[in-house]
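# Got a sequence here, can you model it:
(2 chains)
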Amino acid sequence: MKQFLSFVRKEFIHILRDPRSLLILLVMPQIMVMLPSYVIKNEVKDIRVAVLDQSRDMYTEQLTQRLYANDYFIGKGEVKTEEEAAELFKKGEIDLVVVFGPEFANRIMHSQDASIQLLSDGSEPNQASVRVAYAQQVVAGFQKELAQQMTQAGKGGQQFNIRVNSRMLYNPQQRSEVNFVPGVVGMVILLICCMMTSIAIVREREMGTMEILLASPLPSIDIVLAKLVPYMIISLIDMATILCLSYFVMHVPMTGSLLVYVITAVIYIFTSLMLGLLISTVVNTQLAAMLISLLLIVPTIYLSGMVFAIESMPVAAQVVSNIVPAKWFISASRKIMVEGVGIEYVATEIRALAIEGLVFMLLAWRFFKTRLA
Amino acid sequence: MTDEIVIKAEGLTKKFGNFTATDHVTFEVRKGEIFGFLGANGAGKTTAMRMLCGLSQPSDGTATVAGYDVATEYEQVKRHIGYMSQKFSLYDDLTVEENLVLFGGIYSMPRKKVRDKITELLQELGFEAERKTMVKSLPLGWKQKLAFSLAIFHEPSIVFLDEPTGGVDPVTRRQFWELIYRAADNGITVFVTTHYMDEAEYCDRVSIMVDGRIDALGSPAQLKRQFHGNSMYDVFYALARTAKRGD
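Have a look, this model is predicted:
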């Protein structure tokens, strides 16, 4: 055990002393998950807004006009019911619905509890919150002006208090952070466990230090395990930070059990590590290890369901997608995070990942032995 | 030097498919001896050495190292040997001290002993100032001395050196051999492969491999008499000319 720990320690020193590795391992993953939503966030304009007006009075009319006249908004007319609004969200025709409560004008003048509800497309939580904020500004401006009008009319001192609350409607048809986060986690784990691990192992062989280690009493299984441990730990750290970022900053829900998610992720990490190990046994240079790992990234992006929906692929591609480990992980994480299902509903995914991991492990072990003989 | 045999190879053979890399070699090495293992590139030196270190299984024949069978008791063999490969083999991004601590850990040495030995060793080498220096910023000659010290850090009974002095100047090579002598004086058996004929002269006994077989074995003086040469270079050249294998 002491032997093993001194080796793990050395492995961490390698990583901590190499700024490039550190960047790839502990900065890039977080950027990968934040960047897309940041880019999207800056695009918030031309908000397509519809109105659900339950009171149809002077003030709702005025407010609607103001909204439509605002540069950030495009008026999309009226809807009669919330169902109709949901339908338009699904079709992707509107971004925001302003719902005026009943007796709006009456309440605004007398009981001060006039309410407005803002319905937004929750599949893009970041943009949704910005859109809601813009709409709230318009409402606030309206209130202020109304107060001024009253003062001029000699009825000063009256405060208006329109309660604005917002609600997000989930739209499964659109690309979104909700769909994006599981993909990024899948990709990051693959990069770290597969590419960084295989490079780290092959580096020992390229530098000639592997020979020294093999000639030492350190069992070869320990050498391999000690190389894997740091990357496993770093993957878990990345997974945790990405989940925190997505939950607290990007408001991606974790509907299901966190434990089930972590179990699935650990199995996926195992599968990816074994794939990295397998790569390290068939190549001789760090460059080759990197190229093979990068080659794996391409099918992972296209066939894992990260970018393109698997259900709409040709049958051949669907069949091939089954051997892409990330497909199973992404599918399972979406089920857990979005649909909130229990472990029994992701059993297929977990089983597929475990089987692939075991196959990679056996192959890696075989090649490793052959190399030594 | 005593008469105790620490390495004994009998008909040691390694085949890769149809190719016989090492062809029934037989020899003995005594405790505290500096045993030179010579041969042209591709003569089978490294293959033979890898078998003796427990890194590779013999196809035929037997060998014992420090009393343990290399085919079956290789874990024990590894515990009792040190090994320095032709590729320079320390961790560049670790300091001198960290490299030594790491190997102390790998060989399960007690922590206090590791600490004491490091101080002692750095003093001996005159490296005290470099304790916290990254290995990559040391000159090659220093790295090689350090790699050798690392190979014998855990006090093995035998150390295997695979072309340890490649690429360094004659002065540094001479200094390196002084380290080897010191180790041999301390009772460590040294098994060394080399390309340099002046180094062959430094060995107690030398074996010369040609096409996987050992064609000559004896002290440098004996071999020069046997092959009517003035130097080990003449002896080596006379034998290497008969080789059929290319590189």
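# Tell me which helix or strand residue 217 sits in.
No chain specified, so I'll use chain A. Element membership of A:Pro217, judged by DSSP states H and E, is empty: it is in no helix or strand.
# right idea, wrong chain: chain B
Secondary structure assigned from DSSP H and E places B:Leu217 in strand B:213-218.
# Give me the buried positions along that strand.
Neighbour-count burial for strand B:213-218, counted by 16 or more other CB atoms under 10 Å in any protein chain shown, picks out B:213-217. Just so you know, the C-beta spots here come from the backbone N, C-alpha and C atoms, and that holds for glycine as well.
# who does that strand touch, helix- and strand-wise?
Contacts of strand B:213-218 with other secondary structure elements, assessed using 3 or more CB pairs under 8 Å, 6 or more residues apart in numbering or on different chains; DSSP states H and E, are made with strand B:19-30, strand B:205-210, helix B:220-226, helix B:232-240.
# how many other residues sit next to the residue of the stretch 1-150 of chain A found nearest chain B?
With CB to the nearest CB as the measure, the residue in the stretch 1-150 of chain A that lies nearest chain B is A:Ser6; the distance is 2.7 Å. Taking other CB atoms under 10 Å in any protein chain shown as the criterion, the count of residues near A:Ser6 is 22.
# before we move on, the earlier item: okay, the helices and strands packed on strand B:213-218, which one's buried deepest?
strand B:205-210 (a mean of 24; mean count of other CB atoms under 10 Å in any protein chain shown).
# Grab the nearest non-local neighbour of B:Glu98.
A:Ile13 (6.7 Å; CB to CB, 6 or more residues apart in numbering or on different chains).
# thinking the one you found is in contact with B:Asp93, fair?
Yes - checked against CB atoms under 8 Å, the pair A:Ile13 and B:Asp93 is within contact range at 7.1 Å.
# which residues touch A:Val282?
With contacts defined as CB atoms under 8 Å, 6 or more residues apart in numbering or on different chains, A:Val282 is in contact with A:292, A:367.
# where does the most centrally placed residue in chain B fall, helix, sheet strand or coil?
By CA atoms, centre = their mean, chain B has its centre lying nearest to B:Leu161, at 2.0 Å. Secondary structure, DSSP: H, G, I helix; E, B strand; the rest coil: B:Leu161 is strand.
# for it, which residues make a bridge with it?
B:Met84, B:Val192 (DSSP bridges).
# Report the separation between it and B:Cys53.
Remark: distance between B:Leu161 and B:Cys53 (CB to CB, to the nearest Å) = 11 Å.
# Now do the residue nearest to B:Glu98: how many residues are near it, please.
Other residues near A:Ile13 come to 16 when the count uses other CB under 10 Å.
# now swap in A:Lys45 and tell me
Other residues near A:Lys45 number 12, with proximity taken as other CB under 10 Å.
# mind listing what it touches?
Contacts for A:Lys45 (CB under 8 Å, 6+ apart) come out as A:71-72.
# Show me what from chain B comes close to chain A.
Proximity of chain B to chain A is assessed by CB under 8 Å from any CB of the partner chain, with B:53-57, B:75, B:78-79, B:81, B:83-94, B:98, B:101-108, B:160 identified as the residues in range.
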